[in-house]
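Asker: A structural model of the following input is requested.
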Amino acid sequence: MRGINLFRLRPLAEFLPEVQSPTEDVPFRRKVVYTAGSLVVFFAGSQLRLYGVDTTMAADDPLFWAHTAYAGNFGTVMSLGVFPLVVLEMATHILLGLRAVNPTVENRIILNGLQKLLGMLISVVMPVGIALSVTHLGMGSAILASLQISVGSIVVIYIDEVLRKGYGLLSAIPLFTTANICATIFWKALRAGVHGKLAETFAFFLLILNLQGYRVPLPVRRRPRSPDQETRFQTNHYINISYLAYAPILFQATIVSSTYLFSQHLYMDFGENKLVNLLGKWQRSKGFGGFIPVGGIAYYLTTPPTLADVARDPVHACLYAALLLFGCGLVSMAWFRVCIHSRPYMNWLIGDQVSVTPVQDDSIPLSQWARRVFMVAFAVGFCVGALTLLAGFMGVIGSGTGIMLAVTVMHSYFDSGASSGIGPIGL
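Answerer: Okay, here's the model as predicted:
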């Protein structure tokens with residue numbers, strides 16, 4: 001299928017102000033300064049409560065399930081965190097990976113501008129829905145809260161553009177999510193009564209750290225250059241599983257969080273509809289004041305709070321585990337299918353430096369290399385789901401998704417030489 005060209009949309013892509021790319025290489029110290037300054041701005045916004053809004057609104061957080069993974073702090077200017085950026089990453093790379101858009105240099109430039117414009121739209125629309133979902137807010141307070149959240153989200157979008165243009169060490173998604181989960185663990189570690197959870201969190205952190213750096217061999221047989229060639233050779237690639245882990249870590253949480261948000265809004269407005277009830281039934285929690293799913297698909301996507309709940313409702317536990325494990329595996333496979341045409345991603349995934357040796361028995365034909373990577377991708381996603389399940393039952397501080405993302409991002413960054421400025425999914 002031939003992709004479309006975006007030249008007709010150039011005026012829209014150039015509508016918003018753009019951060020100029022550096023004319024020369026930015027020194028490492030200056031990158032550190034820009035990165036540190038970005039973190040200061042983000043954390044300041046994460047502590048800046050919404051003006052004119054009662055702080056008790058945080059109890060009605062409709063995106064409670066997403067904020068830990070996306071560095072959001074509900075009730076503050078940075079309520080959305082990097083959630084719009086993650087949605088844009090998914091949409092952009094799916095369009096390019098499926099060849100819906102021709103991957104030319106011109107189309108990529110236009111798509112980057114459109115991506116920012118769409119991000120602005122999300123930053124305006126989502127806060128309105130969030131503010132209106134908080135039942136005790138009047139219309140005036142809802143509008144005021146929406147404006148503040150929108151401004152904070154737009155600031156994050158421009159910070160991400162600054163970092164991606166080469167002024168920073170990492171893009172905003174891995175930088176802010178990693179810093180947020182580390183800060184969450186640090187501040188909760190200072191509280192009394194969490195020493196048991198702190199030990200479990202540290203053990204989970206060490207487990208994830210020990211799993212980093214694994215590479216799966218990918219020996220590929222090459223066709224002989226001539227019929228008379230007696231010795232056949234193979235090229236030895238190695239699959240870096242860290243880059244296969246990004247997609248299930250990030251996007252599985254995105255899909256689940258979007259399902260929660262969609263289901264909750266539908267149930268509040270059309271609670272008597274059978275199809276809406278099939279998607280999810282919600283009621284107010286006695287623990288933190290927000291709404292929790294108590295039935296439907298949304299309920300079976302939720303981690304059982306304790307082992308006692310597993311024994312009380314084993315069907316819920318089994319279905320949740322199955323959906324999580326196989327869902328992460330399928331997300332990992334789907335993302336490799338999307339990114340298989342991205343040369344930077346493939347260079348990071350299997351490397352561009354290989355050795356050539358005589359053919360061994362475990363080598364595979366060139367035509368089957370993608371099938372082998374698909375199998376590895378599913379296995380990696382399945383393991384990510386298993387680790388998420390383990391973290392949920394251990395009750396780690398923050399979330400298992402956040403810890404895995406933080407460790408994977410930092411390991412990949414230093415493994416790449418601390419100079420590539422990799423994105424959250426290696427693109």
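Asker: for stretch 256-267, which positions count as buried?
Answerer: Within stretch 256-267, the residues scored as buried using 16 or more other CB atoms under 10 Å are Val256, Ser257, Thr259, Tyr260, Leu261, Ser263, Gln264, His265, Leu266, Tyr267. Any C-beta I mention is one placed from the backbone N, CA and C, and that applies to glycine too.
Asker: just how off-centre is it within its chain?
Answerer: Relative to its chain's centre, stretch 256-267 lies at 18 Å (CA atoms, centre = their mean, to the nearest Å).
Asker: what's the model's confidence in that stretch, averaged?
Answerer: Taken as a whole, stretch 256-267 has an average pLDDT of 80.
Asker: Break down the stretch 101-250 of the chain into its helices, ranges please.
Answerer: According to DSSP state H, counting those that start in this stretch, the stretch 101-250 of the chain carries its helices in the segments 105-133, 139-162, 172-189, 195-211, 241-270.
Asker: any chance of the ones you listed in JSON lines, plus distance to Gln20?
Answerer: Shown next, in JSON lines, are these (distance: least, CB to CB, whole Å):
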{"stretch": "helix 105-133", "distance to Gln20": "14"}
{"stretch": "helix 139-162", "distance to Gln20": "10"}
{"stretch": "helix 172-189", "distance to Gln20": "18"}
{"stretch": "helix 195-211", "distance to Gln20": "38"}
{"stretch": "helix 241-270", "distance to Gln20": "29"}
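Asker: For Val19, find the nearest of those helices.
Answerer: Val19 sits nearest to helix 139-162 of all these, at 4.7 Å, using CB to CB.
Asker: elements contacting the closest one?
Answerer: Packed against helix 139-162 by the contact rule (3 or more CB pairs under 8 Å, 6 or more residues apart in numbering; DSSP states H and E) you find helix 28-47, helix 83-97, helix 105-133, helix 172-189.
Asker: Just the residues contacting stretch 171-186, thanks.
Answerer: Contact with stretch 171-186 is made by 35, 38-39, 42-43, 46, 68-71, 81-82, 85-86, 89, 156, 159-160, 163-164, 168-169, 198, 201, 250, 397-399, 402-403, 405-406, 409-410, 413, 421-424, as judged by CB atoms under 8 Å, 6 or more residues apart in numbering.
Asker: Next: stretch 292-309.
Answerer: Residues from elsewhere that reach stretch 292-309 (CB under 8 Å, 6+ apart): 256, 259-260, 263-264, 277-285, 310, 313, 316-317, 319-320, 323, 389, 392-393.
Asker: now stretch 17-25
Answerer: Stretch 17-25 is touched from outside by Gly113, Lys116, Tyr158, Glu161, Val162, Lys165, Gly166, Tyr167, with contacts defined as CB under 8 Å, 6+ apart.
Asker: Just flag the most distant two among these.
Answerer: Gly113 and Tyr167 (18.5 Å).
Asker: related to what we said a few turns ago, which of the buried residues of stretch 256-267 lies closest to Val376?
Answerer: Val256 (23.8 Å).
Asker: circling back: of the contacts of stretch 17-25, just say which sits nearest to Asn5.
Answerer: Gly113 (14.5 Å).
Asker: residue contacts, the nearest residue to Gly271 once chain neighbours are set aside?
Answerer: The shortest distance from Gly271 to any residue other than its chain neighbours is 7.4 Å, reached at Asn277 (CB to CB, 6 or more residues apart in numbering). By CB under 8 Å, 6+ apart, the residues touching Asn277 are Tyr267, Gly271, Gly295, Gly296.
Asker: quick one: buried residues of stretch 383-391?
Answerer: When neighbours are counted by 16+ other CB under 10 Å, the buried residues of stretch 383-391 are found to be Cys383, Val384, Gly385, Leu387, Thr388, Leu389, Ala391.
Asker: nope, stretch 81-95 is what I meant
Answerer: The neighbour-count check on stretch 81-95 (16+ other CB under 10 Å) flags 81-90, 92-95 as buried.
Asker: same question, stretch 11-25
Answerer: Of the residues in stretch 11-25, those scored as buried under the neighbour-count criterion (16+ other CB under 10 Å) are Ala13, Leu16.
Asker: again, but for stretch 22-36
Answerer: Lys31, Tyr34, Thr35.
Asker: Now do the helices for the stretch 301-427 of the chain: every range, in order, please.
Answerer: Defined through DSSP H, counting those that start in this stretch, the helices belonging to the stretch 301-427 of the chain, from first to last, are 307-312, 314-339, 343-350, 369-394, 400-415.
Asker: can you pull the alpha-carbon coordinates of the last one into CSV?
Answerer: So the one you mean is helix 400-415. Taking Å, rounded to 0.1, in the frame of the first residue of the first chain, the C-alpha atoms of helix 400-415 are listed here in CSV:
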residue,chain,number,x,y,z
GLY,A,400,6.0,-2.0,38.7
THR,A,401,5.6,-0.3,35.3
GLY,A,402,7.3,2.8,36.5
ILE,A,403,10.2,1.0,38.1
MET,A,404,10.7,-1.1,34.9
LEU,A,405,10.6,2.0,32.8
ALA,A,406,13.1,3.9,34.9
VAL,A,407,15.6,1.0,35.0
THR,A,408,15.2,0.2,31.3
VAL,A,409,15.6,3.8,30.2
MET,A,410,18.7,4.5,32.3
HIS,A,411,20.3,1.2,31.3
SER,A,412,19.6,1.8,27.6
TYR,A,413,21.0,5.3,27.8
PHE,A,414,24.3,4.4,29.4
ASP,A,415,24.5,1.3,27.3
